[in-house]
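# sequence and predicted structure below; questions after.
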Amino acid sequence: MYRQVLDPVADSLGWSSLVAALPLAVLFVLLGALRMRAWLASLIALAVALAVAIWTYGMPAGQAFLAGSEGAAFGFFPILWIVINALWVYNITVATGHFDVLRRTFAQVSDDQRLQAILIAFSFGALLEALAGFGTPVAVTSVMLIALGFQPLKAAVLALTANTAPVAFGAMATPILTLGKVTGQSSDTLGAMVGRQTPILAVFVPLILVLIVDGRRGVRETWPTALFCGAAFGAAQYVTANFISVPLADVVASLVSAAAVVLVVRLRRPHAPARPVIAGGAADEPAPEFAARA
């Protein structure tokens, strides 16, 4: 049976780690610097990984190719399969016009772009992360934000930032379930431990989104809503992951946080005009109505 040697390069764990990172470095260079197609860059990185495993770590070629094929199969089922179905549903909603209905529904909750960023990028994005994951929430929510008047770059930043809190439980907790299989640990135990850490991060994410949209002024004017949303998300994520179901942690948390925003908006209107920033403006750049009022 093959037993991996951790320091095959000059008996050094550091040098061996650098060599082991070559496939990932090759993938980044091919995608980021050379702008190569993703499928071709992935195949080249796979070839480099096989070469490192066989010639550097002494792994038998048969086992190396079997490990690569198993990774490809797991990458398709369930990871790529979930993404394909998510994109299929998304394309259906766009073609039938239901995507515009969904976008207008979010806009009707509040016409304040700061709250729209929280509701769409954070709450709705977390729901998409829970059901699909793997980049789907960033792609969908950024399009929705752009349709509501956000600058494309800012919409992408908001979507990426908001996707930090729910990503550990993404795609029905696929990362945690996979970690449980690899380590032999109980996925419920691992999910409970994650559910005691990520809620702390979730409390602050809506505040960061408001800061990106409208700078410090936005935080001053909408921090109660943002903080209540983050706290509701974190509390629901903690309770679900520890006492109900690990795969449902983000589903419950996203719905609870969205309900929290709607509740606060209905009970307390933030002290700010409807459109606090210009689409595409800087975070601290005042909109024309702010300048006129000043």
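Good, I have the coordinates.
# okay, now the residue nearest to residue 268 when sequence neighbours are not counted: neighbour count?
Take residue 268 and drop its neighbours on the chain: the residue closest to it by C-beta to C-beta, 6 or more residues apart in numbering is residue 224, 7.2 Å away. C-beta: built from backbone N, CA, C; applies to glycine. For residue 224, the count of nearby residues is 11 (other C-beta atoms under 10 Å).
# please renumber so the chain begins at 221
Got it, first residue is 221 now, which makes that one residue 444.
# against which helices or strands is the helix or strand containing residue 444 packed?
Under the criterion DSSP states H and E, the helix or strand holding residue 444 is helix 418-459. For helix 418-459, the packing partners by 3 or more C-beta pairs under 8 Å, 6 or more residues apart in numbering; DSSP states H and E come out as helix 333-336, helix 372-382, helix 469-487.
# shouldn't the residue nearest to residue 488 be in contact with residue 484?
Yes. Using C-beta atoms under 8 Å, residue 444 is in contact with residue 484, at 7.0 Å.
# pull the contacting residues for residue 303.
Residue 303 sits next to 352-356 when contact means C-beta atoms under 8 Å, 6 or more residues apart in numbering.
# how close does the residue nearest to residue 488 sit to residue 363?
Separation of residue 444 from residue 363 (C-beta to C-beta, to the nearest Å) stands at 29 Å.
# and residue 296, by the same measure?
Distance, residue 296 to residue 363, by C-beta to C-beta: 25 Å.
# pull the helix or strand with minimum mean pLDDT from this structure.
For the chain, counting by mean pLDDT, DSSP states H and E, helix 508-513 ranks last in confidence among helices and strands (a mean of 36).
# which regions of this structure sit below the pLDDT cut-off?
Residue ranges of the chain with pLDDT under 70: 489-514.
# got the domain ranges for it?
233-297, 317-487 (the TED database).
# show me the contacts for the nearest residue to residue 470 once chain neighbours are set aside.
Spatially, and ignoring its direct neighbours in sequence, residue 470 is nearest to residue 350 (3.3 Å; C-beta to C-beta, 6+ apart). Going by C-beta under 8 Å, 6+ apart, residue 350 touches 386, 389-392, 468-471, 474.
# give me that answer again for 10 Å
If a contact means C-beta atoms under 10 Å, 6 or more residues apart in numbering, then residue 350 has 357, 386-387, 389-393, 467-475 as its contacts.
# pull out the buried members of the residues you listed.
357, 386-387, 389-393, 467, 469-475 (16 or more other C-beta atoms under 10 Å).
# closest to residue 239 among the residues you listed?
Nearest to residue 239 out of those is residue 387 (C-beta to C-beta; 28.8 Å).
# which strand or helix spans the closest residue to that closest one other than its chain neighbours?
Leaving aside its chain neighbours, residue 387 sits nearest to residue 349 (6.1 Å; criterion: C-beta to C-beta, 6+ apart). Per DSSP H and E, residue 349 falls inside helix 345-351.
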